[in-house]
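Enquirer: Structure for the following, please:
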Amino acid sequence: MARVVITGVGTATPAGLTNQDFWRALTEKRNCIAAVSRFDVSPFKCRRAAELKNLDGNTFPGRKSLWKISRSIAFAFSAATSALQDARLDATPGKHPEAGVVFGTTLGGLTPLLELDRQALTEGPRAADPMLFPSAGASAPGCQISVTLGMQAF
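Expert: The predicted model follows:
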């Protein structure tokens, strides 16, 4: 049986983008619920949620490619680089090809997948934007992290 070692933990949450900020919010019992700002909530009874608002997309290598990555990938990359810092590992792409990426998600790539599907259904498959595909699907965040940082995906 193969052994696995967890060397670092990373967070990207409404309670904090760094492990220290997240822990401080937890220990201070800070409320992270606020007015929803990402979409129109007028049709809904509930208008408050825990949103991750302060994510700096500039931390993603190759910032010119930001237009083609989903918000979930930006969250994942933030948490991954935080985990590397926590492990005191260099986050330079290709520096640790022996390291692997294990990433759990539910619907992280749903928004680009829905847009890709909408385009294919309304305008035909040839009109669908191929640049949406790398962000579509549940495996997209883990794959983008492994490709960007030159690591293995598991």
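
Enquirer: after the longest helix seen in the chain comes which helix or strand?
Expert: Longest helix in the chain, counting residues (DSSP state H): helix 71-86. Going down the chain from helix 71-86, the next helix or strand is strand 100-101, by DSSP states H and E.

Enquirer: Note down every partner strand of that next one and its orientation.
Expert: Applying DSSP bridges to the sheet, strand 100-101 is found paired with strand 152-153 (parallel).

Enquirer: From the contact counts, what lies against the helix or strand containing residue 120?
Expert: Here residue 120 sits within helix 110-123, counting by DSSP H and E. Helices and strands touching helix 110-123, as assessed by 3 or more CB pairs under 8 Å, 6 or more residues apart in numbering; DSSP states H and E, are absent. For the C-beta atoms, the positions are set from N, CA and C on the backbone; glycine is no exception.

Enquirer: could you check the angle helix 71-86 makes with it?
Expert: Relative orientation of helix 110-123 versus helix 71-86 (axes from the mean of the first three to the mean of the last three CA atoms, to 10 degrees): 150 degrees.

Enquirer: residues in contact with helix 110-123?
Expert: 70, 71, 72, 127, 128, 129, 132, 133, 135, 136, 137, 140 (CB atoms under 8 Å, 6 or more residues apart in numbering).

Enquirer: Compute the number of surrounding residues for the fifth one.
Expert: Residues lying near residue 128 (other CB atoms under 10 Å) number 18.

Enquirer: Now do the contacts for it.
Expert: Counting by CB under 8 Å, 6+ apart, residue 128 touches 116, 119, 120.
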